[in-house]
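Sequence and predicted structure are below.
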Amino acid sequence: MVVGDVATAVDVLILGAGPAGYVAAIRAAQLGRRVTLVDPGAPGGVCLHRGCIPLKALLATSERCYQTRTSLDEMGISAGPVSFDWARMAAWKQGIVDRLSEGVARLLSGNKVERVSGKGWFINGQEARVEGEYGSHRFIFERCLIAVGAKPRSTPALPLDGVKILTPEQALALSEFPAKLSIIGNDYIALELATLFARLGSAVTLLLPGAALLDSVDPAALRLVQAGLRALGVQIVANARPVGPREGAFVYTIGDRSEEQTAPFPIVASLGAQPLPADELHLRDAGVKYELESGPVVDSSGRTSNERVYAAGDCRGGPTLASVAIKQAKVAAEAMNGARVQYAPLVTPLVALTAPEIASVGLSSQAAQEAGYRVVTGRFPLAANGRALTLGANAGLALVTADAESEAVLGVTLVGPHAADLIGQAVLAVEMGATLTDLTEILYAHPTLSEMLLEGAEAALNRAIHILATSPTKAGT
Amino acid sequence: MLEFRLPDVGEGIHEAEILRWMVQPGDQVKIDQPMVEIQTDKSVAEIGSPISGTVAEIRARPGTIAHVGDILIVLEPQSSTTGAKAASAGAEGVRAGGLSGGAPLAANEFTDEGRAVSTASPTVGQRRALAAPAARKMAFELGIDIDQVPGTGPGGRVTMEDVRSFAARAKAAPEHAIAATNGAAAPGVPALSTPLTEPGGEQREPLVGLRRRIAERMELAWRTIPHATAFGEADGAALMALREELKPQAEKQGIHLTYLPLLVKIVVQVLKELPIFNASLDEARREIVYKRFYHIGLATDTPDGLLISVVRDADRRTLLDLAREINRLVEAGRARKLTLQESTGSTFTLNNVGSFGGSGGMGVPIINPPEAAILAVGALRERPVARQGQIIARPTLPLSLSFDHRLIDGAGSSAFLARFQELVEHPSLLLLNCY
Amino acid sequence: MQSTMVEALNQALALELERDERVVLLGQDIGPNGGVFRVTDQLQKRFGEQRVFDTPLSESAIIGSSIGMAVYGLRPVAEIQFAGFLFLSMSQLVTQAARIRFRSAGAFGCPLVVRSPFGGGVRTPELHPDSVEGVFLQTPGIKVVLPSNPYDAKGLLAAAIDDPDPVIFLEHMKLYRSFRQEVPEERYTIPLGKANVVREGSDASVFAYGAMVQVAQEAAKQIGERRGASIEVIDLRTIWPLDEEAIVASVEKTGRAVVVHEAPRAGGIGAELTAIINERCLYSLLKPVERVTGYDVPYPVPGHEDHYVPTVARVSDALERVLAE
């Protein structure tokens, strides 16, 4: 505006154009609303620009590099020495990011979503101010979605400085390839970073806050992943307690012991995320209740204590997964439009593109027992799957956990190539209340990795074909 | 334990009289098995059991009035072989990557409103419903707890149809097992009243059952609605001729054609032209509610008293439809087999008093609340009329129109009667407006 | 379709440019820039430089040349960037435009429309928010129109352009984009000099225009709930000529009147309405007419303007006073 602070009425105002923001924008537009989408940068958020996509891109490049180096010979293929140019890898990664970003921008403009550059905050329960490069706007909204994401968690022992102590995003954007790298954390990001850098030849030290690589995942599966990391040369330290940065190295202790250990810089802190402070959005002015640790308080559809304002994605303080953000965004967009919907999936799939990949959904065997079920678990090793061997892979397994009484499938864990892509069938099975019989009655293409699920289920019924049963078969089953 | 409460079936019905129980504590019941007979405003209904199980305790005694929401009976559900647990499945699957120290993430979106409806903290023995995501979504949309829905799919799976019919049942419990009782076998009613003979020749009978209902409604109508009545008379020759003409065709199609369907068609036309007669006064909000639907109540005499049976959407039925429906309703009314739908919800009432004998007309009918008016039609027979200075005998139809004087004035009632008369005397005019 | 006031005005101008080749638009930055508030957005592109063009920064030149065009047969619609700057063209407006028909005994007319944004509550610098309609109330020969919503704005602007005499068309900045309304796509006119009853009532009448109409409606609603009173709200729409019949009819019905305007108090529309009521329906009045207005001070700095512009609370208080026994 030339002069003055003239308010503009908008219909649906969305703050943040990451996976939650842009998906909500498109869904709301599909439902006939007029959407105004605010973000200081290009649409796509952390996921597209600095997180998921760059990470997966570099995992792919590192995998090709590693496999070309190590596994061609046994297949009878010879090739010359393999090297990589980190800068060109980064450029390739950026090319993909740009292409996806343009794609999202096209989808937004095709859905007639108005885009405003800037950052927004609330003036009152019905108005928000957005300030950006091109000036200041004052919007009166019918509905508003908070999708501003979260920021990486830092602790006093790990003060992020962008040079020695990095966030995962910063690690992916390093301009020089690190010869040594330390990582502290036990989420999929920590494991994937360890995998990617180790494959390209970095000396990686992985510090786990607890005993296990990942929480709530079957130990048998984790053992395979751990072995895979070790084979890449990753040093794994369990029960690491961070102490702090010192001159030249990062100091930590192990368990209850007091001797100090050191890990080389740079160290990546993958400790999850914490919601943005409420002050940043002036949530109080909007009448939005919030909690310090978990962000705005919402109901099952994502609506906050201000009935015009909703929240979706990382800013809600839950697991920082784009799949969660995307679904919450769709639910919020539909709820804003008056539909009676809720975000209430029974299960959330968890995947890590380690080597081998691991993917899990639902209850692990132990968790199911703790929840009071009588449990039966089928276990099928990857080495018995024909397709896996043709891929040159032999470390992996399928674990299918079911309720002994009803046969309902409670959880599935897959370790092996493409586990992350295969877990979808298991997610559907658990959500639909499929039984072991349901899984074993249908046809699976052969030879494929999907048969892992079939044989895992058959193993739970004690009749997997391609392994020898370890316990007597039940008569008449 | 399931405490089954008297559901709200809408249409202003707030209570029901418990007539008799067909089960007793300790009995095993299957889902939908009839368990109790109740009487709502003029209709008797059966309620079936909402679940399979055992009767633990009967709370509502026969002869008493239960209000919507009162616990009627306590049932012990049969333990099912279906399902697995609630909420824990979700909560566990959440733990993506831990934070340092392994502190669990706040799984607030997983133990939220939607899940809390079933169980917030699952205990061993609690089963979660096995249902596809689409069925769960529909349940939430309809405001039902899916864990309460009995599943008819394989392995006790809850299908979309199960969700839908559970929702429909929850809305209209007394209707769903409507196998109305035989009027003669309303055993609870006479059993409650023991006539006493006092010295001096007095005999007392409690006001119960249908008579009680009628009395209550008459009190309400007379007390709250300022009645005024306008009288009229229509020449019936054209109507008689028309019926004679149409009757043979109707018989060929199996329908006995009386005057009533013709009168209903005429009255619907008049209501369309004078909408205030098809309206109600919302006394709480002081608003006149004009209805755009036409449900015509017909008064039917039964051994127990006057019943109103309702022809729904009378404006959308052909003459034969009306005849068929009216005949059916009259039979059902006489047999005390009317459902709630068929005995309430009228927007205007037509009372055929012609068959009662006597002068066959000219009474003051009482309005059926919350309607705005009621038309009583007397016996169609010859009476003296004056035509061009001569007294001759013509078949005439006496009309008495009682109306709510808060909504309608004399001019309005005259307009109604005039138009009704015009259409009775020239029924071919109906063609101008029929579809 | 749902339109803001800016969009509605743009539609009106486009329709007039299309149907009447005598219509021309001129003003500062209205051409390629589309006007500082984008009211003339895309119009030069559609209709060309001969029809829609920029002027130098000289209000008297803008108005002066518009008068010349009008007298010689064109229908100019001149934009003055902010109403406070109209004063720089006062001589042209008052000495010339207002008097041409009078001076020439009807031989010449001046079918000129001057559009200008104004209005408080949006934190503009000095002179930009000033309300000037009172000044033109005292200038015979000039009509003043002030719409309160997108639908009215489109119809009134078309009528103003049709009008054979000069019209000053004032647009409240706060209303430009703050809400959308259903506006027909085709051309329609709303007659000048006719007020609009936006809320019927029987206990008191509130007369307002521009951004104050929403303030009046909110106060009417609150008083309605608080006291059970039925408050009539009338949007004057045209400041000169005032719809005296509507004013009188309302006061005769309710017997109590409140006038609301942002413009200063002395000699404003409130004063004029009070005089009209005095002359024509004094004996219908149960209480003196209340005026809720801006103060007789220069328009304050942005930090203080919320104390100046009439608020819902001030209007409600006035209603309480007229309704009190």
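On my side now, so go ahead. Numbering: from 1, shown residues only, chains lettered A, B, ... in the order given.

Name the residue of the stretch 101-250 of chain A that lies nearest to chain B.
Distances between the stretch 101-250 of chain A and chain B by Cβ to the nearest Cβ are smallest at A:Asp187, namely 1.9 Å. Every residue, glycine included, has its C-beta placed from N, CA and C.

Please report phi then psi for that residue.
phi -110, psi 180 (degrees, to the nearest 10).

Can you pull up the residues of chain B that come close to chain C?
Proximity of chain B to chain C, by Cβ under 8 Å from any Cβ of the partner chain, involves no residues.

can you point me to the longest strand in chain B?
Criterion DSSP state E: the longest strand present in chain B is strand B:390-404.

what helices or strands is that one leaning on?
Packing partners of strand B:390-404 (3 or more Cβ pairs under 8 Å, 6 or more residues apart in numbering or on different chains; DSSP states H and E): strand B:227-235, helix B:237-252, strand B:373-377, strand B:381-387, helix B:410-425.

looking at the ones you listed, which is closest to A:Phe265?
strand B:373-377 (91.5 Å; Cβ to Cβ).

Show me what the closest one is packed up against.
Counting by 3+ Cβ pairs under 8 Å, 6+ apart, the packing neighbours recorded for strand B:373-377 are strand B:348-352, strand B:390-404, helix B:410-425.

Could you say which helix or strand holds residue 38?
By default, I'm working from chain A. strand A:35-39 (DSSP states H and E).

You answered for a different chain; I wanted chain B.
Applying DSSP H and E as the criterion places B:Ile38 in strand B:34-40.

Pull out the buried residues from that strand.
B:35-40 (16 or more other Cβ atoms under 10 Å in any protein chain shown).

Now tabulate those in CSV and tack on pLDDT and distance to B:Ile308.
Below are the buried residues of strand B:34-40 laid out as CSV (pLDDT from 0 to 100; distance: Cβ to Cβ, whole Å):
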residue, pLDDT, distance to B:Ile308
B:Met35, 87, 28
B:Val36, 88, 25
B:Glu37, 84, 21
B:Ile38, 83, 19
B:Gln39, 79, 15
B:Thr40, 75, 13
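
quick one: contacts for whichever residue of chain B sits closest to chain C?
Here the residue of chain B nearest chain C is B:Arg286; by Cβ to the nearest Cβ that distance is 12.8 Å. By Cβ atoms under 8 Å, 6 or more residues apart in numbering or on different chains, the contact set of B:Arg286 is empty.

before we move on, the earlier item: sheet partners, orientation included, of the strand holding A:Val38?
When pairs are called by DSSP bridges, strand A:35-39 turns out to pair with strand A:7-15 (parallel), strand A:114-117 (parallel).

What residues sit buried inside the last one?
Of the residues in strand A:114-117, A:115-117 count as buried by neighbour count, 16+ other Cβ under 10 Å.

and after that strand, which helix or strand comes next?
By DSSP H and E, the next helix or strand past strand A:114-117 is strand A:119-122.

Please write out the alpha-carbon positions of that following strand in PDB.
Listed next in PDB are the C-alpha coordinates belonging to strand A:119-122 (Å, rounded to 0.1, in the frame of the first residue of the first chain):
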ATOM      1  CA  LYS A 119       5.800 -14.100   7.600                       C
ATOM      2  CA  GLY A 120       2.600 -13.700   9.400                       C
ATOM      3  CA  TRP A 121       1.300 -13.300  13.000                       C
ATOM      4  CA  PHE A 122      -2.000 -12.600  14.600                       C
END
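
Name the residues that touch it?
Residues from elsewhere that reach strand A:119-122, judged by Cβ under 8 Å, 6+ apart: A:13, A:15, A:38, A:40, A:128-132, A:139, A:144, A:280-283, A:285-286, A:288, A:309.

Just give me the neighbour total for A:Ile267.
A:Ile267 has 23 neighbouring residues, counting by other Cβ atoms under 10 Å in any protein chain shown.

Who does the residue nearest to it when sequence neighbours are not counted form a beta bridge with?
The shortest distance from A:Ile267 to any non-neighbouring residue, by Cβ to Cβ, 6 or more residues apart in numbering or on different chains, is to A:Ser182 (4.0 Å). When bridges are called by DSSP bridges, A:Ser182 pairs up with A:Thr205, A:Ile267.

Stretch C:118-134 vs chain A: in contact?
Yes. Shown here: stretch C:118-134 in contact with chain A (Cβ under 8 Å from any Cβ) through C:122-125, C:128.

Tell me the buried residues in that stretch?
For stretch C:118-134, burial by neighbour count (16+ other Cβ under 10 Å) applies to C:118-124, C:128-134.

follow-up on the earlier one: in a markdown table, list the residues of stretch C:118-134 next to chain A along with pLDDT.
Output for the residues of stretch C:118-134 next to chain A, formatted as a markdown table (pLDDT from 0 to 100):
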| residue | pLDDT |
| --- | --- |
| C:Val122 | 92 |
| C:Arg123 | 91 |
| C:Thr124 | 92 |
| C:Pro125 | 92 |
| C:His128 | 94 |
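
what two of those residues are the furthest from one another?
C:Val122 and C:Pro125 (10.8 Å).

ok, so of the buried residues of strand A:114-117, who is nearest C:Arg314?
When the buried residues of strand A:114-117 are compared for distance to C:Arg314 (Cβ to Cβ), A:Val116 wins out at 34.7 Å.

is stretch A:238-258 anywhere near chain B?
Yes. Judged by Cβ under 8 Å from any Cβ, stretch A:238-258 comes into contact with chain B through A:Pro242.

okay, now the domains of the chain?
This is for chain A. As given by automatic domain parsing, the domain ranges for chain A are A:7-152+A:274-336, A:165-271, A:350-460.

The intended chain is chain B.
According to automatic domain parsing, the ranges for chain B are B:1-79+B:129-195, B:226-432.

Please enumerate the helices of the stretch 1-150 of chain B.
Ranges of helices in the stretch 1-150 of chain B, per DSSP state H, counting those that start in this stretch, are B:88-94, B:113-116, B:133-141.

Which residue, neighbours along the chain excluded, lies closest to residue 158?
Since no chain was named, I'll use chain A. A:Leu158's closest residue in space is A:Ala269 (Cβ to Cβ, 6+ apart), at 4.4 Å.

meant chain C actually
Closest to C:Ala158 by Cβ to Cβ, 6+ apart is C:Thr189, at 4.7 Å.
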